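[1] What shape does this take:
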Amino acid sequence: MPFPGTWMTESRSVVYRVVPKCACSTIGQIMYYTDHGRYFDGDIHDAQDGIHKWAIEESKPLLERAVTEREIYAFTAVRNPYSRILSSFFDKIAGIQRNGKRYRGNLVPMLTKRYGVEVEGDFDQIKSFRRFLLFVRDTIRFHKPMDPDIHWSACSGHVSTMIRNGGRYNHIFPTEQFADGMKHVLGQIETAHEIDVDTMPRFNESADHGPRQAHPIEDYFDDLSNFIMLDIYRRDFNLFKYAKEPNRNPPAKEIDLDEVHAKLAK
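    Next comes the predicted model:
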């Protein structure tokens with residue numbers, strides 16, 4: 001059974017399902033620190049030892065057993081769809097990646113040619129973002145001109161893979177309440193090294209990749225943009241209890257784990 005995006009500490013204290021653009025760099029570094037007493041030197045996504053990942057062949061049987069036997073505490077984190085899609089745009093489309101190149105090579109030139117997305121110089125952020133959102137809609141609804149990228153495919157899709165293959169989450173928390181959520185997880189497991197979530201650094205590898213957001217979040221979403229958001233991320237809004245209007249707020253209600261498992265198991 002496949003468990004993409006699943007990580008586990010070497011000590012097997014906790015299992016985590018990575019959801020892109022949902023504090024995954026910081027969460028991964030916390031997991032690494034609790035085992036080794038230090039942070040990974042570099043982007044935790046590049047680590048090939050010191051942590052188990054589904055992408056590492058020898059980790060797969062360990063992860064499959066950990067997830068399906070449900071004896072190890074499992075969690076994940078989600079994010080407000082509005083702030084998540086804006087983060088994807090500024091990082092992956094408007095930004096330059098760690099290797100000094102544009103994300104996915106010819107993606108931005110294609111967006112410029114086919115959707116009129118401009119990201120050079122002092123570009124119109126609102127106009128380009130709304131055109132990017134049309135492209136996101138096309139990838140999610142029609143899988144054209146490409147399949148949806150992991151950074152803007154729905155959180156619920158990422159979360160569901162573990163559930164559909166026999167796993168169960170002990171906790172799902174919103175990144176808007178990161179400290180409380182992570183403290184809850186750490187309070188449920190035994191770790192070799194304690195970590196202070198309040199004072200630790202945040203490992204946002206994408207923070208300086210692109211231009212700064214120049215406008216309030218609500219300015220990026222007109223009626224059409226909001227209609228598209230509610231259409232393509234409807235399950236995220238409903239399952240994770242986010243308000244259906246542009247904001248960066250945490251969920252309006254507590255996430256219901258039983259509901260998440262029941263609806264994502266289908």
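[2] so residue 84 touches residue 21, yeah?
    Yes: contact status for residue 84 versus residue 21: in contact at 4.9 Å, counting by Cβ atoms under 8 Å. Every C-beta, even on glycine, is put in place using the N, C-alpha and C of the backbone.
[3] Neighbour count for those two, which is higher?
    Counted by other Cβ atoms under 10 Å, residue 84 and residue 21 do not tie: residue 84 has more neighbours, with 24 against 20.
[4] what residues are up against the more buried one?
    Listed by Cβ atoms under 8 Å, 6 or more residues apart in numbering, the contact set of residue 84 reads 21, 22, 152, 155.
[5] part of a strand, is it?
    No: counting by DSSP: H, G, I helix; E, B strand; the rest coil, residue 84 is not part of a strand but helix.
[6] Any stretches of the stretch 101-250 of the chain with poor pLDDT?
    For the stretch 101-250 of the chain, the stretches flagged by pLDDT under 70 are 205-209.
[7] how about the strands in it?
    Ranges of strands in the stretch 101-250 of the chain, per DSSP state E, counting those that start in this stretch, are 171-174.
[8] all helices for it, in order.
    Taking DSSP state H, counting those that start in this stretch as the criterion, the stretch 101-250 of the chain contains helices spanning 107-115, 125-142, 155-164, 178-187, 223-232, 234-240.
[9] Give me the pLDDT value at residue 5.
    pLDDT recorded at residue 5 is 97.
[10] Give the residues shared as contacts by residue 84 and residue 21.
    residue 152.
[11] The helices of the stretch 101-250 of the chain: which one's closest to residue 30?
    helix 178-187 (6.5 Å; Cβ to Cβ).
[12] For the closest one, name the packing helices and strands.
    helix 24-36, strand 73-78, strand 171-174 (3 or more Cβ pairs under 8 Å, 6 or more residues apart in numbering; DSSP states H and E).
[13] Quick one: work out the angle between it and helix 24-36.
    Put simply, helix 178-187 runs at 30 degrees to helix 24-36, going by axes from the mean of the first three to the mean of the last three Cα atoms, to 10 degrees.
[14] hmm, back to that, quick one: closest of the helices and strands packed on helix 178-187 to residue 210.
    Across these, closest to residue 210 is helix 24-36 (Cβ to Cβ), at 15.8 Å.
[15] name the helices or strands packed onto the closest one?
    strand 6-9, strand 14-17, strand 51-53, helix 178-187.
[16] same thing but at 7 Å, please
    Here helix 24-36 touches strand 6-9, strand 14-17, going by 3 or more Cβ pairs under 7 Å, 6 or more residues apart in numbering; DSSP states H and E.
[17] Name the strands paired with the last one and say parallel or antiparallel.
    Strand 14-17 has its sheet partners listed here by DSSP bridges as strand 6-9 (antiparallel), strand 73-78 (parallel).
[18] still on that earlier bit, need the contacts of residue 84 in TSV (columns: distance to residue 44).
    TSV is the format used below for the contacts of residue 84 (distance: Cβ to Cβ, whole Å):
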residue	distance to residue 44
21	15
22	14
152	21
155	19
